[in-house]
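**Student:** here is a sequence with its predicted model. Questions after.
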Amino acid sequence: METKEIKSISKAAIRRMPLYLSLVKQQIAMGEKTLSSTFIAEKLNTEAIQVRKDLAATGVVGQPRLGFCSEELAAAIERLLGWDNLQEAFLIGAGNLGSALIGYEPFIENGLNIVAAFDNDSDKIGTEIRGVKVLSIDRLENLIGRMHIKLAILTVPVEVAQQTAERLVSDGIEAIWNFTPTKIIVPDEVIVERTDLAAGYAQISSRLATKAQRKAAENG
Ligand SMILES: NC(=O)c1ccc[n+]([C@@H]2O[C@H](COP(=O)([O-])OP(=O)(O)OC[C@H]3O[C@@H](n4cnc5c(N)ncnc54)[C@H](O)[C@@H]3O)[C@@H](O)[C@H]2O)c1
């Protein structure tokens, strides 16, 4: 039933859910027991109709004039995102980005628990980053199955991304969050999500370039 609901939600709506959740949690912290789709839309600078459509997927029904019960809505969004269960993950590549992700508080708040990091640099192996041990990459295979880890966060250099992903898959990893700037090829049943800061910057810089061209055309 839950899976069915999640499948019917667009990827874009899923991406908006953390924003809704963050706002609802802020309201709860301020003692607000209810909040309306209009209020959410105003705060997030979007349309109330979109908010209503997105939140319908949570199954929470708003009350006329009152809106949604804040606690109920927060719990429903967390359930929808699977954030009501602790997700343990391994991080592969304990460098600059990997270390930053280990220290990223919202992951911890939302139930993503990086339980160990792996690296091939002997200077890093045996150290700790924010209480998370850095282990030798050679111990990876052994531990994925033993610790029932489903998710790996990939922050190795791009040159070794594919081979590392294959290593993870052969030991039964179910999902890879790929932060490397390459598309990794894995069997269909393995869930892959890629996050690319460069893509975000490309959006900004191309819009800046377009704006500059428009200004130049207007002035000249
Ligand atoms: N997604 C993004 O928005 C984003 C942002 C910055 C960096 N990146 C990417 O993330 C990756 C890491 O970037 P960084 O700046 O942290 O690099 P980094 O060099 O600081 O870290 C990479 C780490 O991986 C380790 N490593 C190398 N080969 C390995 C292997 N075979 N097995 C295990 N560990 C290995 C290194 O020892 C190092 O600790 C790169 O692919 C980079 O392009 C992505």
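**Tutor:** Yes, it's here. Numbering: from 1, shown residues only.
**Student:** alpha carbons only for contacts and neighbour counts from here, please
**Tutor:** Will do.
**Student:** please list the residues of the chain that sit near the ligand.
**Tutor:** Proximity of the chain to the ligand, by Cα under 6 Å from any ligand atom, involves residues 92-98, 118-121, 137, 155-158, 160, 179-181, 195-197.
**Student:** just checking: what are the partner strands of the longest strand seen in the chain?
**Tutor:** Secondary structure of the chain per DSSP state E: the longest strand is strand 112-119. Looking at strand 112-119 with DSSP bridges, its partner strands are strand 87-92 (parallel), strand 132-136 (parallel).
**Student:** tell me which residues are up against that strand.
**Tutor:** 83, 86-94, 102, 107, 125, 132-137, 140 (Cα atoms under 8 Å, 6 or more residues apart in numbering).
**Student:** need the buried ones from those selected in PyMOL.
**Tutor:** Command for PyMOL that selects the buried part of those, burial taken from 16 or more other Cα atoms under 10 Å:
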select buried, resi 83+87+88+89+90+91+92+93+94+102+125+132+133+134+135+136+137+140
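**Student:** returning to what we had before: please export the C-alpha coordinates of the longest strand of the chain as PDB.
**Tutor:** Extracted in PDB, the C-alpha atoms of strand 112-119 (Å, rounded to 0.1, in the frame of the first residue of the first chain):
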ATOM      1  CA  LEU A 112      20.300   8.800   7.800                       C
ATOM      2  CA  ASN A 113      23.000   7.400   9.900                       C
ATOM      3  CA  ILE A 114      26.400   7.000   8.300                       C
ATOM      4  CA  VAL A 115      27.800   4.200  10.400                       C
ATOM      5  CA  ALA A 116      31.300   3.800   8.800                       C
ATOM      6  CA  ALA A 117      33.400   5.400   6.100                       C
ATOM      7  CA  PHE A 118      35.800   3.600   3.800                       C
ATOM      8  CA  ASP A 119      39.000   4.800   2.100                       C
END
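**Student:** C-terminal to that strand, what's the next element?
**Tutor:** strand 128-129 (DSSP states H and E).
**Student:** which elements pack onto that following strand?
**Tutor:** Here strand 128-129 touches no other helix or strand, going by 3 or more Cα pairs under 8 Å, 6 or more residues apart in numbering; DSSP states H and E.
**Student:** sheet partners, orientation included, of that strand?
**Tutor:** For strand 128-129, pairing defined by DSSP bridges yields strand 132-136 (antiparallel).
**Student:** what lies in contact with the partner strand?
**Tutor:** For strand 132-136, the external contacting residues (Cα under 8 Å, 6+ apart) are 94, 102, 114-122, 124-128.
**Student:** pLDDT value on Glu32, please?
**Tutor:** Glu32 is assigned 96 on the pLDDT scale.
**Student:** how many residues are close by the residue lying closest to it once chain neighbours are set aside?
**Tutor:** In this structure, Glu32 finds its nearest non-sequential neighbour in Ser70, 7.2 Å apart by Cα to Cα, 6 or more residues apart in numbering. Per other Cα atoms under 10 Å, the neighbour tally for Ser70 reads 23.
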